[in-house]
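**Student:** Generate coordinates for the sequence data below:
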Amino acid sequence: MLIYCQLITPRIDYIIDYIFNNRLGIDYELITDVKYFKNESGPKINYSKIVFKKCLQIIPEGLLSELDIRNTLPNYVRTNNQLLLFPDIETHSIGFDVFSACFWYLSRYEEYGDFEADTFDRFPASESFSFNKNILNQPIVDQWVYILRKEITTCFPAIELKKEKYTVKPTIDIDSPWCYKYKGFTRNLLGFLRDMIHANFEYVKLRYNVLTNKIGDPWYVFEWLTAVLNKLDINSVYFIHLGKYGRFDKTVNHKTDEIGNLLFLLKKNALIGLHPSFRAANNWAVFKKEIFRYEEISQKKLVRSRQHFLKFRLPEYYEMLESLEVASDYSMGFADKSGFRAGTSRWFYFYNLSQERKTTVKVHPFCIMDRTLKSYEKFDNEKVIQIFKEYSKSIKKVNGTFVSLWHNETFSDKFEWKGWKQLFEQIMTQIS
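**Tutor:** Predicted coordinates for the structure are as follows:
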């Protein structure tokens with residue numbers, strides 16, 4: 001595939017490679033030579049306002065040639081139940097600048113502007129373009145790539161495109177592997193007293209039975225979880241917290257031998273990664289220490305991570321990941337709403353707008369989190385199943401990747417999570 005543009009910028013180079021290499025699987029050449037483009041007879045795309053014959057033309061809106069960041073939202077239209085950014089219905093065969101549209105979402109362009117952060121200094125769903133246009137539940141970038149795919153197939157029927165496949169990938173954050181065990185005398189004593197004061201005698205009994213080894217710890221569900229996922233032939237990723245105890249970090253001591261045993265169990269059946277602590281979100285030194293702990297305990301180089309509380313800001317967080325040589329991040333999603341924060345269900349390389357370059361960090365977005373459904377959106381179990389089915393349907397249409405976020409305590413079948421153990425197995429069975 002020959003692709004012409006008048007000026008090759010880092011933005012153009014990035015998005016062309018994402019679409020044609022990562023998504024469509026097409027060998028391409030990006031050029032600025034008009035004469036060469038005219039004389040070639042194979043499949044060609046003209047990304048300019050110049051008129052050429054026998055090629056697919058996409059007219060640039062201008063975003064990809066700029067070096068600054070606009071403080072205005074993009075123009076859009078809705079046509080045939082499809083929202084299009086940077087539209088030009090009259091001159092475009094596909095109706096919009098698909099390259100600029102995809103770049104705007106993947107670069108997280110809107111997160112570089114002014115917004116009202118939430119309590120934890122995060123970019124909330126309510127501030128996003130997708131939420132305010134009621135398309136947060138749609139993998140809009142995947143839909144646009146699908147539109148381009150169809151147009152290329154129509155214009156160049158002989159060309160072979162990569163076939164993408166729908167997959168399901170549950171990911172599990174382990175804030176603490178145990179609810180009661182390995183938390184020390186003081187923390188358990190205070191827990192006993194708290195439950196007694198609040199007359200939570202069921203919890204008092206539960207804690208006592210766990211600590212006296214009469215029953216297993218309710219949060220240690222990993223054998224069961226492995227069996228369920230193996231039965232359904234579903235691949236998963238676990239992220240373990242190894243930070244120090246703190247206000248927002250309630251894990252066990254990382255020096256506990258059982259942590260190493262757990263990681264050995266998990267890495268036999270799944271991918272594993274680090275769940276950096278709340279303090280590590282904007283502290284390079286703390287993050288570095290936790291990486292060292294992870295690699296020392298797991299005997300594996302750290303490849304992937306997801307930030308605790310999903311606490312991160314752009315572009316600083318991904319700059320830190322890159323400097324620490326963390327290859328993949330799974331934090332791209334919202335805590336307050338389900339949906340596609342970056343508009344896609346598939347991984348992409350993070351593009352740093354402040355430095356105008358493609359980074360080495362792969363971003364793996366998720367679209368649904370258990371805590372979001374339970375605490376923020378307050379859905380009952382029947383509604384939760386419905387939501388998962390709806391997301392599965394929209395992701396299947398574009399052969400995307402259904403990444404969901406869970407916590408091991410969700411499967412405890414205790415406290416606020418009663419019934420969710422069976423709910424998870426039912427959901428995974430229905431959407432896989």
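
**Student:** lowest average confidence, helix or strand, in this protein?
**Tutor:** Averaged element by element with mean pLDDT, DSSP states H and E, the chain has its least confident helix or strand at helix 184-197 (a mean of 86).

**Student:** Could you grab the helix/strand/coil label for residue 340?
**Tutor:** With DSSP: H, G, I helix; E, B strand; the rest coil as the basis, residue 340 sits in coil.

**Student:** give me phi/psi at it?
**Tutor:** Residue 340 has phi and psi values of phi -100, psi 100 when expressed as degrees, to the nearest 10.

**Student:** Same question for residue 99.
**Tutor:** The phi/psi pair for residue 99 (degrees, to the nearest 10) reads phi -70, psi -50.

**Student:** I'd guessed it sits against residue 60; true?
**Tutor:** Yes. With contact defined as CB atoms under 8 Å, residue 99 and residue 60 form a contacting pair (7.4 Å). Heads up, the C-betas are built off the backbone N, CA and C, glycines and all.

**Student:** Mutual contacts of the two, please.
**Tutor:** Each of residue 47 lies in contact with both residue 99 and residue 60 under the rule CB atoms under 8 Å, 6 or more residues apart in numbering.

**Student:** ok, the two, which is more surrounded?
**Tutor:** Neighbour tally, residue 99 and residue 60, criterion other CB atoms under 10 Å: the higher count belongs to residue 99, 27 against 19.

**Student:** which helices and strands sit right next to the least confident helix or strand of the chain?
**Tutor:** Taking 3 or more CB pairs under 8 Å, 6 or more residues apart in numbering; DSSP states H and E as the contact definition, the neighbouring helices and strands of helix 184-197 are helix 201-211.

**Student:** List the buried residues for the helix it packs on?
**Tutor:** For helix 201-211, burial by neighbour count (16 or more other CB atoms under 10 Å) applies to 203-204, 206-207, 210-211.

**Student:** what's downstream of it, the next helix or strand?
**Tutor:** Proceeding C-terminally, helix 201-211 gives way to helix 222-231 as the next helix or strand, assigned by DSSP states H and E.

**Student:** In that following helix, which residues are buried?
**Tutor:** Those buried within helix 222-231 under the rule 16+ other CB under 10 Å are 222, 225-226, 228-229.

**Student:** Over to stretch 55-69?
**Tutor:** By neighbour count, with 16+ other CB under 10 Å as the criterion, the buried positions of stretch 55-69 are 55-61, 63-64.

**Student:** contacting residues around stretch 183-201?
**Tutor:** 176, 180, 203-204, 207, 211, 252-253.

**Student:** cutoff 7 Å now
**Tutor:** Residues from elsewhere that reach stretch 183-201, judged by CB atoms under 7 Å, 6 or more residues apart in numbering: 180, 203-204, 207, 211, 252.

**Student:** Over to stretch 30-39?
**Tutor:** Around stretch 30-39, the neighbours that count as contacts under CB under 7 Å, 6+ apart are 2-8, 13, 16, 44, 52.

**Student:** Kindly report the same for stretch 367-383.
**Tutor:** Residues outside stretch 367-383 that contact it (CB under 7 Å, 6+ apart) are 333, 335-340, 345, 384, 387-388, 391, 403-407, 410, 416, 419, 423.
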